[in-house]
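Participant: Compute the structure for the input listed below.
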Amino acid sequence: MILYEIKVHYQRQTGEDNPGNVKETYLVEGLNCADVENRLMEEIKPLIFGDCEVPSCKKVQYYDIVTSPEADRWFKARVELITVEDDGKETRKTVSILVQATNIDHALKNLRHHLEALDCEVVSIMRSPILEFYRAV
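Facilitator: Residues are numbered from 1 along each chain as shown. Coordinates of the predicted model:
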């Protein structure tokens with residue numbers, strides 16, 4: 001799965017007859033920037049009122065993505081995966097995991113539940129600017 005983080009600036013209807021400028025970040029799965037940008041534009045086309053600009057599209061890597069159907073926010077967690085080699089040497093690998101949750105406590109709970117079978121430590125968890133995640137169809 002190749003993921004791209006896309007920043008979009010556009011005018012959006014924010015209330016009765018008053019468009020507002022918004023800057024939003026989306027995570028989209030796809031083949032390349034052109035592919036995911038076209039896909040995202042189709043998804044948000046009904047929201048756009050006026051000009052739309054994509055100032056940034058970059059490939060990102062997540063070890064895993066933990067979804068929660070009732071949640072509306074995304075959190076980025078840094079986790080150290082701990083493995084013990086045959087010679088007894090401990091190895092730590094830091095990875096990023098995206099967690100969908102309603103708040104940071106809920107994110108930490110979802111993350112810990114998701115990782116319960118692994119030997120790991122949660123290094124940090126913070127709110128992500130990602131508004132929505134669109135998987136490849």
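
Participant: Span of stretch 59-67 from start to end?
Facilitator: Across stretch 59-67, the terminal residues are separated by 20 Å (Cα to Cα, to the nearest Å).

Participant: beta partners of Tyr134?
Facilitator: Residues in a beta bridge with Tyr134, per DSSP bridges, are Val28.

Participant: what about it, how many neighbours?
Facilitator: Other residues lying near Tyr134 total 18 when counted by other Cβ atoms under 10 Å. Backbone N, C-alpha and C define where each C-beta goes, glycine included.

Participant: Report the separation between it and Gly20.
Facilitator: Tyr134 is 23 Å from Gly20, where distance means Cβ to Cβ, to the nearest Å.

Participant: domain parsing for the chain?
Facilitator: Listed domain ranges for the chain are 3-60, 64-128 (source: automatic domain parsing).

Participant: Going by mean pLDDT, which of the ones you listed comes out lowest?
Facilitator: Per-stretch averages of pLDDT across these put domain 3-60 at the bottom, with a mean of 89.

Participant: how long is that domain from one end to the other?
Facilitator: 6 Å.

Participant: Angles on the backbone of the residue lying farthest from the centre of the chain, please.
Facilitator: Seen from the C-alpha centroid of the chain, the residue lying at the greatest distance (Cα atoms, centre = their mean) is Asp87, 36.9 Å away. Asp87 adopts backbone torsions of phi -80, psi 10, taken as degrees, to the nearest 10.

Participant: What's the separation between it and Lys93?
Facilitator: Using Cβ to Cβ, Asp87 is found at 17 Å from Lys93.

Participant: same check, this time on Thr83
Facilitator: According to Cβ to Cβ, Thr83 and Lys93 sit 7 Å apart.

Participant: for Pro46, same thing?
Facilitator: 42 Å.

Participant: Which one's more surrounded, these two?
Facilitator: Between Pro46 and Lys93, counting by other Cβ under 10 Å, Lys93 is the more crowded of the two (11 against 8).

Participant: following the helix or strand harbouring the more buried one, which helix or strand shows up next?
Facilitator: Lys93 is part of strand 90-101 when elements are defined by DSSP states H and E. Remark: after strand 90-101, the chain's next helix or strand is helix 104-114, criterion DSSP H and E.

Participant: Alright, that wraps it up for me.
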